[in-house]
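J.: okay, sequence plus prediction incoming.
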Amino acid sequence: MKDFLLVYLIAVAAVCVIAFITYYIDKIKAQKKAWRIKESVLLGLGVIGGALGALLAMNLIRHKTKHWYFWAVNIVALLAHIAVPFIVYLTIYA
């Protein structure tokens, strides 16, 4: 269980950093009126583990905050990412 938890936390942290950077890059591109990153990519990063990074970027750099579905997807994904270790623990030790 400890190995799983460590690998899981490292993977989620890495995707969170990537999500934050991607949101930041998209914000810069928006300000410069340049070619943008697809919303599906931004949302997908949140779903695969970067929800915390996406939510931090939304709050700190004020990007995509007016789109309700970004809030909804990232909050639900964050709750799922928190639940996974508990579900794995209960599955193994229950």
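T.: Yes, it's here.
J.: and the longest helix belonging to the chain, what's buried?
T.: The residue-count maximum for a helix in the chain (DSSP state H) belongs to helix 2-31. Along helix 2-31, these residues count as buried under the neighbour rule (16 or more other C-beta atoms under 10 Å): 12, 15-16, 18-20, 22-23, 26-27. All C-beta spots, glycine's among them, are computed from the backbone N, C-alpha and C.
J.: pull the residues that contact the following helix or strand past that helix.
T.: Following helix 2-31 in sequence order, the next helix or strand is helix 39-45 (DSSP states H and E). The contact list for helix 39-45, computed with C-beta atoms under 8 Å, 6 or more residues apart in numbering, reads 15, 18-19, 22-23, 26, 53-54, 64, 67, 69-70, 73-74.
J.: looks like residue 55 contacts residue 74 (just checking).
T.: Yes. Between residue 55 and residue 74 there is a contact under C-beta atoms under 8 Å: 5.1 Å.
J.: higher neighbour count, the two?
T.: Neighbours per residue (other C-beta atoms under 10 Å) separate residue 55 from residue 74, with residue 74 holding more: 26 against 21.
J.: between the helix or strand harbouring the more buried one and helix 2-31, how many degrees?
T.: Taking DSSP H and E as the definition, residue 74 sits inside helix 68-93. Using axes from the mean of the first three to the mean of the last three C-alpha atoms, to 10 degrees, the inter-axis angle of helix 68-93 relative to helix 2-31 is 170 degrees.
J.: which strands and helices lie in contact with helix 68-93?
T.: Applying 3 or more C-beta pairs under 8 Å, 6 or more residues apart in numbering; DSSP states H and E, one finds that helix 68-93 contacts helix 2-31, helix 39-45, helix 51-60.
J.: make TSV from these and add distance to residue 81 and mean pLDDT to it.
T.: Shown next, in TSV, are those (distance: least, C-beta to C-beta, whole Å; pLDDT from 0 to 100):
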stretch	distance to residue 81	mean pLDDT
helix 2-31	6	96
helix 39-45	12	98
helix 51-60	6	98
